[in-house]
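Participant: what's the 3D shape of this:
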Amino acid sequence: MTDKQSLNAGFTGTPAEPPEGLTKAAKLAADGMKREAFAVASGVRDHPHTASALLLATGILAFGFGYLLGQSSPENTTRRYWR
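Facilitator: Predicted coordinates:
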């Protein structure tokens, strides 16, 4: 069994110098994504019917768009796909 002191030996604090450059940009982007994800989750939690209706409408529109793109593609019946 390990003792309590060896479990606390890992880094659990904050870095001595503030992040800069790419690290700072990545941290700011991650924080922004967390805030947006929380906002979306709380909105869905408050309005579940609206969220499901938007998701269903987006799926129907995407299916229709894909169907129209598939119908508009040129079709050559003499050439097989796997050739």
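
Participant: sketch out the low-pLDDT regions of this structure for me.
Facilitator: 1-16, 75-83 (pLDDT under 70).

Participant: how about 80 then?
Facilitator: 1-19, 73-83 (pLDDT under 80).

Participant: where along it do the helices fall?
Facilitator: For the chain, applying DSSP state H gives helices covering 4-7, 22-46, 48-72.

Participant: mean neighbour count for the ones you listed - can I get that in a markdown table?
Facilitator: (C-beta placed from N, C-alpha, C; glycine too.) Output for these, formatted as a markdown table (neighbours: other Cβ atoms under 10 Å):
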| stretch | mean neighbour count |
| --- | --- |
| helix 4-7 | 7 |
| helix 22-46 | 10 |
| helix 48-72 | 10 |
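
Participant: how many neighbouring residues does the nearest residue to residue 24 once chain neighbours are set aside have?
Facilitator: Closest residue to residue 24 apart from its sequence neighbours, by Cβ to Cβ, 6 or more residues apart in numbering: residue 18 at 7.5 Å. Counted by other Cβ atoms under 10 Å, the residues lying close to residue 18 total 9.

Participant: residue 17 and residue 63: what is the separation?
Facilitator: 51 Å (Cβ to Cβ, to the nearest Å).

Participant: same question for residue 38.
Facilitator: Taking Cβ to Cβ, one finds residue 38 at 30 Å from residue 63.
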